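Enquirer: Show me the folded form of this:
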Amino acid sequence: MKMNLHRLLSLALSFFFSLHCSAQVDQRANEILKSVSAKYKSYTSLQASFTLNRLDQKTQKSEKYEGSISLSGIRYQFSMADQTVICDGKTTWTYLKEANEVQISDNKPAEGAITPTNIFTLYEKGFKSKFMGEKTAGKSTVQQIELTPEDSRKSFFKILLTIDKSGKYVREARIFEKSGSITTYSIVKFSPNTSLAADVFSFNKAKFPGAEIVDLR
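Expert: This next block holds a predicted model:
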């Protein structure tokens, strides 16, 4: 059950961004999500590491991956499985480990596209939200919110967010896909306003020895 890496990357980006109020939004859920968005937007930078687990309910087989992301404004570096994506705001470099290839492209995401720079505010639009309650997780209190996409053409029918009440960040997102699979993203470490080295968001060919450079611009 080897998962396509491009799809894996898209799924990873899809859980982390903004919320337009509507009559379909539960007021308690609305208040929580607004506070999470406000908190995220106050950060000058952040680093996070996470795990991804995808369960195929039909076969009961699962896959687990680890990933990390560094963000500062419109710049980011994202790594998971056999891919690393670096963006300085203008140019994007995508390293494919299996092919030992670096693809260079202009950073021009399509309108409405999910990108690392909006990954933590996904829930701001296009979803109906419902507060599902609070519970204790270890020494913390977490709040759970169910998101239902307004667009029925989405490949998933529900997302269950688990939010750290005091830290105001998404600790876990469980995506229920129409295919019967459940993809769970769990934040292992979340570090806002971290000091990031200047070269984190720039491509250094020396770090990818022997890689073929493919310029798609």
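Enquirer: going forward, measure contacts and count neighbours with C-alpha atoms only.
Expert: Fine.
Enquirer: pLDDT score for Ala211?
Expert: pLDDT for Ala211: 95.
Enquirer: Asn100 is in contact with that one, correct?
Expert: Yes. Contact criterion Cα atoms under 8 Å: Ala211 and Asn100 qualify, at 4.8 Å.
Enquirer: which one's the longest helix in the chain?
Expert: Longest helix in the chain, counting residues (DSSP state H): helix 27-41.
Enquirer: Can you give me the buried ones in stretch 170-189?
Expert: Buried positions in stretch 170-189, judged by neighbour count with 16 or more other Cα atoms under 10 Å: 170-177, 181-187.
Enquirer: how much distance is there from that stretch to the middle of the chain?
Expert: Distance, stretch centre to chain centre, for stretch 170-189: 10 Å (Cα atoms, centre = their mean, to the nearest Å).
Enquirer: which outside residues touch it?
Expert: Contacts to stretch 170-189, defined as Cα atoms under 8 Å, 6 or more residues apart in numbering, come from residues 12, 15-16, 36, 48-58, 120, 155-164.
Enquirer: Now, of those, which are buried?
Expert: Neighbour-count burial (16+ other Cα under 10 Å) is assigned, among the contacts of stretch 170-189, to 12, 15-16, 36, 48-52, 54-56, 120, 156-164.
Enquirer: List the ones among those that fall in strands.
Expert: Under the assignment DSSP state E, those contribute 48-52, 54-56, 156-164 to strands.
Enquirer: can you state the direction angle for the helix or strand Arg174 falls within and helix 27-41?
Expert: Per DSSP states H and E, Arg174 falls inside strand 169-177. Interaxial angle, strand 169-177 versus helix 27-41 (axes from the mean of the first three to the mean of the last three Cα atoms, to 10 degrees): 120 degrees.
Enquirer: Note down every partner strand of strand 169-177 and its orientation.
Expert: Looking at strand 169-177 with DSSP bridges, its partner strands are strand 156-164 (antiparallel), strand 181-192 (antiparallel).
Enquirer: Turn those strands into JSON lines, columns for distance to Arg217 and mean pLDDT.
Expert: Listed next are these as JSON lines, based on distance: least, Cα to Cα, whole Å; pLDDT from 0 to 100:
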{"stretch": "strand 156-164", "distance to Arg217": "32", "mean pLDDT": "90"}
{"stretch": "strand 181-192", "distance to Arg217": "32", "mean pLDDT": "90"}
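Enquirer: Low-confidence ranges, this structure, go.
Expert: For the chain, the stretches flagged by pLDDT under 70 are 1-25, 109-124.
Enquirer: okay, now Thr44: neighbour count?
Expert: Using other Cα atoms under 10 Å, Thr44 has 13 neighbouring residues.
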